[in-house]
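Participant: Everything below, folded, please.
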Amino acid sequence: MNLLDQVAIRVLVENWALWRDTGQWDKLRTTFHPGATITVTWFDGPFEEFVEASARARAGGRLSQHVLGGTTVDLNGDRAIAQTRMTILLRGMAGDVEVDVAATGRFFDRIERRDGEWRILKRAVIYEKSRMNPVAPGARIEFDQQLLDSFPRGYCHLAYLQAQAGMRTLANLPTGTGPEVERLAEDAYAWLGGA
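Facilitator: Here you go, the predicted structure:
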């Protein structure tokens, strides 16, 4: 594996996170190819529409942070799959209690080199676990248990907070194990192999 390609892909993923979280929308657009797609808890569709929706959310006061860990890259010519350990951090309201939510998992990116430049072609997220804590010590969260249980365990607290904020949240995304993550990996590695 070419170490320079691996470093370039790692830098690409890191730039995505910082530019997304700081509202640098023009720079963020340089991380994806035209026609690229992204699927996260609250959005599934073209990347350009994701940028616009993210800008509206930020203007409305909804802020998030993506904290990244290690990245592994599988490379085949001008195609790559990068998996990056990440945690999404959000603050919001669960009922009348201000809370912090952390959802841990990994970005699962199909990345392609065109004209010598690596950019993301398709991003999915594998959600492995989440938690919700009150910001004020001693505050008690009164969960709508039926709503919480309607989301997969891997991201139930993240989806709960988003639903409480009035956002549409997807309920069938890949988690640490199960058929969704198996299909994701199977399709992606077939693509990496040239399919």
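Participant: Helices of this protein, residue ranges please.
Facilitator: For the chain, applying DSSP state H gives helices covering 3-21, 25-29, 47-59, 145-149, 156-164, 179-192.
Participant: in the second one, what's buried?
Facilitator: The reference is to helix 25-29. Within helix 25-29, the residues that qualify as buried by neighbour count (16 or more other CB atoms under 10 Å) are L28. (Each C-beta comes from the backbone N, C-alpha and C, glycine too.)
Participant: packing partners for that helix?
Facilitator: helix 3-21, helix 47-59 (3 or more CB pairs under 8 Å, 6 or more residues apart in numbering; DSSP states H and E).
Participant: Go ahead and confirm G70 touches A82.
Facilitator: No. Taking contacts as CB atoms under 8 Å, G70 lies outside contact range of A82: 10.7 Å.
Participant: Mind checking which of those two has more residues around it?
Facilitator: Between G70 and A82, counted using other CB atoms under 10 Å, A82 has the larger neighbour count: 23 against 9.
Participant: who does the more buried one bridge with?
Facilitator: V73, D109 (DSSP bridges).
Participant: List the residues that contact it.
Facilitator: I9, R10, V13, T71, T72, V73, D74, F107, D109, I111 (CB atoms under 8 Å, 6 or more residues apart in numbering).
Participant: Now flag whichever of those residues is closest to F43.
Facilitator: Of all those, F43 sits closest to F107, with 14.2 Å by CB to CB.
Participant: show me what contacts that closest one?
Facilitator: V13, A82, Q83, T84, M86, R123, A124, V125.
Participant: could you redo the last one with a cut-off of 6 Å?
Facilitator: T84, M86, V125 (CB atoms under 6 Å, 6 or more residues apart in numbering).
Participant: Any of the residues you listed buried? List them.
Facilitator: Using 16+ other CB under 10 Å, the buried ones in the contacts of F107 are T84, M86, V125.
Participant: low pLDDT regions in this structure?
Facilitator: Along the chain, the parts satisfying pLDDT under 70 run over 1.
Participant: Specify the residue positioned farthest from the middle of this structure.
Facilitator: With distances taken from the mean C-alpha point of the chain and given as CA atoms, centre = their mean, the most distant residue is G138, at 30.6 Å.
Participant: out of the helices and strands packed on helix 25-29, nearest to N133?
Facilitator: Nearest of those (CB to CB): helix 3-21, 20.2 Å.
Participant: list the buried ones in the closest one?
Facilitator: Buried-residue list, helix 3-21, by 16+ other CB under 10 Å: D5, Q6, A8, I9, R10, L12, V13, W16, A17, W19, R20, D21.
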